[in-house]
Each structure stands twice: as structure tokens, then as C-alpha cells.
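**Q** Show me how the following folds:
(chains A and B)
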2 protein chains.
Amino acid sequence: MLSEFDLITEYFNRPRPGAAVLGIGDDCALLAPTPGMQTAISSDMLVEGRHFFAGEDPQRLGHKCLAVNLSDLAAMGAKPVAFTLALALPSADRAWLQGFSQGLFALADAHGCELIGGDTTKGPLNICITIFGEVTPGQALRRDAAQPGDDIWISGALGDARLALAGYNNELALSAQEQDAAGARMHLPTPRVALGMLLASQRLARAALDISDGLVGDLGHILKKSGVGATLDVDALPCGPVLATKDLDLRRRFMAAGGDDYELCFTAPVSSRAAIIAAGAQCGTAVTRVGVIETAPGLRLVDGNGVALALRLQGFDHFAGTAAS
Amino acid sequence: MLSEFDLITEYFNRPRPGAAVLGIGDDCALLAPTPGMQTAISSDMLVEGRHFFAGEDPQRLGHKCLAVNLSDLAAMGAKPVAFTLALALPSADRAWLQGFSQGLFALADAHGCELIGGDTTKGPLNICITIFGEVTPGQALRRDAAQPGDDIWISGALGDARLALAGYNNELALSAQEQDAAGARMHLPTPRVALGMLLASQRLARAALDISDGLVGDLGHILKKSGVGATLDVDALPCGPVLATKDLDLRRRFMAAGGDDYELCFTAPVSSRAAIIAAGAQCGTAVTRVGVIETAPGLRLVDGNGVALALRLQGFDHFAGTAAS
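**A** Model prediction:
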């Protein structure tokens, strides 16, 4: 049986020095903020059976729980610096810990983001990461900064994670190949950190967020906070490659209100168009223009011909039902 | 039924502005660090049935989950600034949320510590707070800074929280009055923030930590990190008022390895003695000298006559048994 301290030492302590003045092993970690920079902070808690299936592969889980936090930094345009990990585990299982820490650190190292502290305890599986990034004052991409006339942009592609969920839940029959391919988007999301940082540092975008609970619901937060409305061309949305083979109604619904996409949705002045396309190319991340911010409140969904669409959509709410239907 | 967003708005959103540039409601919160200061960061995760009983009073729980994090800042000598709260709840229960947020914010406001973000989700009750403080570079009270000849000091009093646990677990029979009084120390610990800040800013102490898992085990971390040993006078330990009425063996065991004390244990040069007593008086916190740091490795427990004591002690380990016995 591993003790709490053996566990931390064996799987989570890594060679020093990293970014932090003081890392794991004291009452607090110590960071020396870069002079003049603001600290961006986000916390996400992932619960077994809610955010991931019981028995989920630990390596994928290690990736995902950090990815969703990196995605929050990306949505602010902040550069990742460090994170804490609080972990409740039913038991200190070596195989699980090894897989989890591998998935976690592979992604952390890819983004130069250091584990600086946290907590471990026994309990129903629960993973809480708090992440720290840095951003130049005035450059953070906030939800309240959209302006009428702004284009609405989406990074990457939408809907495959939602399709994978539908397969797992037997809402739809997927082939094993489809389930695997779509499942990879659900289990191994790619946080758009480089794109977010370029959008902020080059002052290309105004408002941004990451799409975790479904585009329509999440875009609604930008509209509400910015006091604006929008028209969204549902048929312009970039479709995940597996979902792209499915029928039109399903594509529209899963792109517009899927959930677990972890793509960026951002608004930007028309004058930024060419530079945004160049920034996307520089990061190897597709960027697609999908709508426009307007003065009139509310979100208007239209098809490729500009005709109003009445989709039955529902954003994800952790205290209401399950994902969109 | 409350939705996730209603819940955040109703119980956790508070009037702006506070310390943060940007608080709850975006992908990240934004803090502007005080120029020249380091950021101290700690995370603690509290799990129902592990760190607190099922059905625990939510107001006390709101206090305690922030108190244990404030205690970590105190142990570094850092000034509290802000915190994030990630909360998994079986259901969005209004009475619970109201009590919890009251207990949480009463303590947060007393320390000028702002809730700047977090996460809420459905799941087995789990509360994860990550706290941020500030400390002048070079002044943080680390675990690796004890030196031979240092006095060992304890704030407040030890053992009543452990006594309360023994009562709840029917290890001991306590009167209702004893259970209430000792229970208050278990449920409503007092983080020694002002004392920790004075010890750091006046450079009175060298090493420090907060006693959460039992003095002997926690002091062991200082000894190991500092590469030193110590002699601890068990009979000099400050005894909680309820435990003080119990027999000597129980007093010794519960003070030396109780757990949930949330007092500071710190080391300091002999030259600091008068100033430490003055600092304790200034904060209204008792400070007691209980031992000495030595070159010889290991921790030697002695009684009031300096005679070696062989206590059967066991520190708390979250993956091994329960509290010390």
C-alpha cells in the first residue's frame, strides 16, 4: 500500500528547478510573477461518472483534465505557467497513477506548464486542477468585449466529441472505427493555447471563450456579458470529420450545442480577418468565420442561405439533464 | 431546481470590485500581483466522510474548508489575497448553499480574501479551494530552513480537535459539553494568519508549517527538509482546554499526534524569543516554546524532566488508516 507521501514523491515530484521559486513539498508553492504581467487563474473539477466514464483510461484522463484548464488559459490569451493538482482517489493504484501522471505531464511539458503543488486524498475519484498563466495587462480576451460588427470565429472543428458521447450512450449506432475517431476528440481535446496567445498579443480578437458546454450556450455568455446579439450561420460551422459523414440535422445540432469541444469561439473586427487567418496558419489551427455580432439582442441561428433555423438545442448544465439533445 | 449558473450567481457572486482585476464569470480570473511580491499558492481538497462527517453543518464546513487553506498561507507567512472554489455537490440544495456560503464568506471577509472563480458540478460532496497570497521575496517561512539551536514553537493549543474526533468515534466517552467545546476546535479552526505574517515580515522565524496531520509527523517534515533533528518536550506542549482535563497519557498522545489542529509549528533563533512573545501578544495568539532543533537526526520525545518518552504515535495518512491512535 502506497502512503500519501510515497505517492506524491513517486509519481508527481519531478526534478527541480522549474518555473516556480518553490514547488511541491511545502505548505505553499511560490511563484515569482513576471514583472508587469497579470496572472490568469482557472479551476476545473472533473468527477467520475459526470465528466468521464468510470474506468476511463488514466493516461487519457491525465491529458484531459489538464487540457480543459489549458483551454481556459487559451480563451484568455494567457501563457501557461504552472498548475496545482488536487486528487481524490478510491485507492492508491500504481498502474492508474503511472498512466495518469504520464498523460498529465506529457501535455504539461508540451506547454511548459509546471506542477507546483496540490493535494491527494482518499475519496470518490475527483480531479481538480487550478492553472496559472500570464497575460499582458489589457490584452486578456474577456467575454464582455464583443462589439456589433465583429466577426464570430471558431477554431478547429465541432461536434465529434458530442458524436462520441452519443455512441457511448447508444443514442446512435457508430462503427468501432467511428467511435474510436470521434472518441479521440472527446478524450484528448487539444487546447488552442498558441492561437489564443497570438489573438491576444497581436490584439486581433476582442471577446473569446472556450466551448465546453456547447457553442450556442457558450456564445450566449459572450452576448450577455457584452450586451449584444448575434447571427450564427450554422452551416458555416466547421464540422468534425466523423460527424461530417452524418445527416444534416444531426450535424447542425451537434455542432451548435455539442459540448466537450474545447475549441475557441472569439469575436474580432473585420479588419483582423487576414491576420487571424495568418495566425491560424502559424499555429496549424483551422479558423472559420461563422457569424456576426449585432446590436439587436438574442442569438439568431440561420442556415447557409440566411434562413432562420429552429433547432431543438439545449446547453449542458451540470445540475440539470445530461448533454444536449 | 437551481441551474449551475443560477447557483453561482445567487450564492457566490458578490459586488465588485474586489482585489482582482477580473473575478467570477470569465474563463479565467485575473489578478494583478503587487510589484516585487511573490505569489504563495496552496490547494486543499476536502472529501465528505474523510475530512468531515456526512451531514456536517454547511456553515461550519464553509469556514473550515477556507480555514485550512488560510492556514497554509499562514505557515508561509503570506498575506491572503484571493481564492478559487471548486465544488462537487450531490444536489443544488438552497439551505446547504446558503449556510456554506455564509461560513465561507464570513472567514474570507475577515481576512480580505476574495473569491475570484472556480467550478461547480454534480458529484459526491467534494470541496477544493486553491488560495493565493503574497509574500516578500526571501521572507517566506519554508520547511527547509530550520537550523540547529533553533527553538521550536507552537501557536495556540493542541489536541482538542483530536479529542472531539475520539468522542464522535466512540473511542472515548465525552460529556455533551466536552464534545461541543472540543468539537468547535475541530469544526472551526482558527488560521494563524496574523502571526504567520508577523513571523515572516519581522524575520523572527526560520522554518514553519501548519499542523494538520499531527505535530510529530508534521514536525518530521521540517526535520527531513532541513536535514536536522530535534528534541521535543511533550509536557511543554500547549494543551487544548478540554483535553487538559484528561489523563496524562491521553494528553501526550493527542497533543503530539492529534491532527486537525491547524496551529503553526515554527523554528526560530534564540535571539527571537522576546520578539516572538511580543508578536503573539500583538495577535492575541499564545506562543509556546516546546523544543529545540539539533544536529543529530531524528525526533526525540522527552517528558518535562527530559526523560525519553516512548509514545505509541501514528501520523495521519490519507491512504492508510484513520487518525493517530
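
**Q** State the distance from the closest residue to A:R253 other than its chain neighbours to B:L115.
**A** Distances taken as CB to CB, 6 or more residues apart in numbering or on different chains place A:L311 nearest to A:R253, at 5.7 Å, with adjacent residues excluded. For the C-beta atoms, the positions are set from N, CA and C on the backbone; glycine is no exception. Distance, A:L311 to B:L115, by CB to CB, to the nearest Å: 36 Å.

**Q** More neighbours: which of those two?
**A** Legend: neighbour count by other CB atoms under 10 Å in any protein chain shown for A:L311 and B:L115, higher for B:L115 (23 against 15).

**Q** wait, A:F83 sits on A:C128?
**A** No - judged on CB atoms under 8 Å, A:F83 makes no contact with A:C128 at a distance of 10.4 Å.

**Q** Give me the number of neighbouring residues for the residue lying closest to A:Q102 once chain neighbours are set aside.
**A** Residue nearest to A:Q102 in three dimensions, not counting chain neighbours: A:Q59, with 5.4 Å by CB to CB, 6+ apart. If you count neighbours by other CB under 10 Å, A:Q59 ends up with 19.

**Q** What residues does A:Q59 make contact with?
**A** Residues near A:Q59 by CB atoms under 8 Å, 6 or more residues apart in numbering or on different chains: A:G99, A:F100, A:Q102, A:G103.

**Q** Most neighbours among these, please name it.
**A** The most crowded member of the contacts of A:Q59 is A:F100, carrying 26 neighbours; neighbours defined as other CB under 10 Å.

**Q** What does the pLDDT read for that residue?
**A** Model confidence at A:F100, given as pLDDT, is 96.

**Q** Please apply the same query to A:L141.
**A** A:L141 is given a pLDDT of 97.

**Q** The closest residue to it other than its chain neighbours pairs with what?
**A** Distance criterion CB to CB, 6+ apart; nearest residue to A:L141, sequence neighbours excluded, is A:A208 at 3.6 Å. Note on A:A208: beta-bridge partners by DSSP bridges are A:F266.

**Q** Could I get the pLDDT score of A:A208?
**A** Model confidence at A:A208, given as pLDDT, is 97.

**Q** got a list of what it touches?
**A** Counting by CB under 8 Å, 6+ apart, A:A208 touches A:75-77, A:141-143, A:196, A:199, A:222, A:264-267, B:27.

**Q** mind redoing it with 6 Å?
**A** Counting by CB atoms under 6 Å, 6 or more residues apart in numbering or on different chains, A:A208 touches A:A75, A:L141, A:L264, A:F266.

**Q** Using PDB, write down the CA coordinates of the helix or strand the first one falls within.
**A** With secondary structure defined by DSSP states H and E, A:A75 is part of helix A:58-76. Once non-C-alpha atoms are left out, helix A:58-76 reads as follows in PDB (Å, rounded to 0.1, in the frame of the first residue of the first chain):
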ATOM      1  CA  PRO A  58      -5.900   7.100 -16.800                       C
ATOM      2  CA  GLN A  59      -3.500   8.400 -19.400                       C
ATOM      3  CA  ARG A  60      -6.200  10.000 -21.500                       C
ATOM      4  CA  LEU A  61      -7.700  11.300 -18.200                       C
ATOM      5  CA  GLY A  62      -4.400  12.900 -17.200                       C
ATOM      6  CA  HIS A  63      -4.400  14.600 -20.600                       C
ATOM      7  CA  LYS A  64      -8.000  15.700 -20.500                       C
ATOM      8  CA  CYS A  65      -8.100  17.200 -17.000                       C
ATOM      9  CA  LEU A  66      -5.100  19.500 -17.800                       C
ATOM     10  CA  ALA A  67      -6.300  20.200 -21.300                       C
ATOM     11  CA  VAL A  68      -9.600  21.700 -20.100                       C
ATOM     12  CA  ASN A  69      -7.700  24.000 -17.900                       C
ATOM     13  CA  LEU A  70      -5.200  25.000 -20.600                       C
ATOM     14  CA  SER A  71      -8.200  25.700 -22.800                       C
ATOM     15  CA  ASP A  72      -9.400  28.300 -20.200                       C
ATOM     16  CA  LEU A  73      -6.000  30.000 -20.400                       C
ATOM     17  CA  ALA A  74      -6.200  29.800 -24.200                       C
ATOM     18  CA  ALA A  75      -9.500  31.500 -24.100                       C
ATOM     19  CA  MET A  76      -8.000  34.400 -22.200                       C
END
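
**Q** Past that helix, which element shows up next along the chain?
**A** Beyond helix A:58-76 in the direction of the C-terminus, DSSP H and E gives the next helix or strand as strand A:79-89.
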